[in-house]
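Engineer: pasted the sequence and its predicted model underneath.
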Amino acid sequence: MSYGVELCPIQAWDLPTLRRWRNQDEIRLQMVDQTLISPRQQRQWFVSLCERADQQHWVLRCRGIRAGYVNLKGERSAPLQNQMVADAGLYLGNSAVRHPMLAIAAALSQLDQGFDRFNLGCIRTLVREDNRSALRLNEQLGYRQYGTEGGFLALELQPADYYAARERLRRFFR
Ligand SMILES: CC(C)(COP(=O)(O)OP(=O)(O)OC[C@H]1O[C@@H](n2cnc3c(N)ncnc32)[C@H](O)[C@@H]1OP(=O)(O)O)[C@@H](O)C(=O)NCCC(=O)NCCS
């Protein structure tokens with residue numbers, strides 16, 4: 001199911017928009033790494049992606065328009081397929097297609113990739129303890145808190161909890 005969005009491999013021409021969004025305070029200050037990303041750093045990162053089988057990075061598109069960014073990163077430096085644990089990252093940028101269910105659509109697409117395509121054992125994410133938007137989103141998806149790490153809550157999603165959450169959420173996308 002596509003939930004009205006697409007996850008597309010990142011192309012060179014996506015980089016300026018992604019960097020602009022990633023450096024905006026609303027996004028940057030929610031990240032574990034809060035440094036401003038330079039064009040050079042971003043180019044190096046982009047080149048390194050081609051060699052990384054342990055990670056997947058996508059541009060989120062809605063009606064063909066760039067709307068955000070999604071990733072999955074394996075815990076081990078080995079192909080992502082079948083890893084026991086992977087980390088999930090996501091942000092939405094300002095766009096003409098932003099809508100109240102877009103974050104859910106992006107996350108469902110991300111998690112379908114994680115569990116249905118890459119057969120991951122579980123998916124984790126770190127969310128700042130005051131990031132109410134992300135906590136609300138992750139709760140709807142079935143994530144549970146399993147710890148804290150310096151101002152961040154450590155959340156984990158098990159496949160069974162995800163499939164139950166997806167069943168509740170998919171009716172919004174018929
Ligand atoms: C986490 C995140 C994906 C959640 O998105 P969200 O569920 O749409 O929640 P937000 O608080 O951002 O938006 C709140 C509302 O304003 C709307 N909105 C926000 N910015 C908007 C914009 N530029 N244009 C139109 N609507 C906008 C959203 O559609 C949403 O509507 P709702 O209240 O009716 O649901 C998003 O807040 C984000 O990208 N945050 C920064 C990165 C981040 O925290 N990532 C996760 C942890 S690493």
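Structural biologist: Right, received. Where do you want to start? Numbering: from 1, shown residues only.

Engineer: ok, and what's touching the top strand by length along the chain?
Structural biologist: Ordering each strand of the chain by length in residues (DSSP state E) puts strand 65-74 first. Contacts to strand 65-74, defined as C-beta atoms under 8 Å, 6 or more residues apart in numbering, come from residues 5, 7, 10, 14, 17-18, 21-22, 54-61, 80, 83, 85-93, 95-98, 102, 106, 109-110, 113-114, 118, 120, 123. C-beta coordinates here come from the backbone N, C-alpha and C atoms, glycine included.

Engineer: hmm, the host helix or strand of A103 touching the ligand?
Structural biologist: Taking DSSP states H and E as the criterion, A103 maps to helix 102-112. Yes: judged by C-beta under 6 Å from any ligand atom, helix 102-112 and the ligand are in contact via A103.

Engineer: give me the below-cutoff pLDDT ranges for this structure.
Structural biologist: 1 (pLDDT under 70).

Engineer: cutoff 80 now
Structural biologist: Applying pLDDT under 80 to the chain flags the ranges 1, 174.

Engineer: which of the residues in stretch 114-126 are buried?
Structural biologist: Within stretch 114-126, the residues scored as buried using 16 or more other C-beta atoms under 10 Å are G114, F115, F118, L120, C122, I123, R124, T125, L126.

Engineer: return the subset of these lying in strands.
Structural biologist: Among those, DSSP E puts C122, I123, R124, T125, L126 in strands.

Engineer: so is the helix or strand containing L153 next to the ligand?
Structural biologist: Taking DSSP H and E as the criterion, the element that holds L153 is strand 152-157. No: Strand 152-157 lies apart from the ligand when judged by C-beta under 6 Å from any ligand atom; the minimum separation is 9.0 Å.

Engineer: which strands border that strand, and is each parallel or antiparallel?
Structural biologist: Strand 152-157 pairs in its sheet with strand 122-128 (antiparallel), strand 144-149 (antiparallel), by DSSP bridges.
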